[in-house]
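Peer 1: Fold the stuff below for me.
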Amino acid sequence: MVEFEVTGTTVTVHVLGAHQLLALRDRLTFDLADITALGLAGVDRRPPWVRAPGTFFPGVIAAGTFRGKGRKEFWDTRFDGHAIRIDLAGAEVTRLIVDVANPDAELRRLVTAAAA
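Peer 2: Purely as a prediction, here's the structure:
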C-alpha cells in the first residue's frame, strides 16, 4: 500500500511497510502536470512481463518496477480491488498501479490537486 503527499505541484508516493522490501523502493515522485489519466485499476490487470527489480506472484502481489515495450511501470498491488491507475507522460515511469486505503477519495484528491 502507498500514501500520496501533494506538495505544490509535486506528488510523492510513499511505499509503506514491508512493501518497501518487496518493491525495492520507498518513494517515487512526479509532477501533477505529468498525469495524463487517472482511474481505478481492475483486479484483472497484469504488469508488463519484465520485472526489474521487484516481486510478482500471480494473483497475489505485484510490487516493484516492471518494463514492457516502450513503458516502465511501478506497481504495488495485492489485486484486491483497492488499486488506482495513474498514467504519466514525461515522468520517470509511464504508469503507476498502486493500492491505497480509499481509492475513490484518493482519486478525487489527485483530480482536485491537478485542476488547481
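Peer 1: Just to check, Leu110 is in contact with Ile86?
Peer 2: Yes. Leu110 lies in contact with Ile86 (Cβ atoms under 8 Å); the separation is 7.4 Å. The way it works is simple: take the backbone N, C-alpha and C, and place the C-beta from them, glycine included.
Peer 1: Sticking with the residue nearest to Gly54 when sequence neighbours are not counted, tell me its helix or strand.
Peer 2: Spatially, and ignoring its direct neighbours in sequence, Gly54 is nearest to Gly64 (1.5 Å; Cβ to Cβ, 6 or more residues apart in numbering). Take DSSP states H and E as the rule and Gly64 turns out to sit in strand 61-68.
Peer 1: quick one: average confidence on that strand?
Peer 2: Strand 61-68 shows a mean pLDDT of 94 in the predicted model.
Peer 1: name the helices or strands packed onto it?
Peer 2: Counting contacts by 3 or more Cβ pairs under 8 Å, 6 or more residues apart in numbering; DSSP states H and E, strand 61-68 packs against helix 19-23, strand 50-57, strand 71-77.
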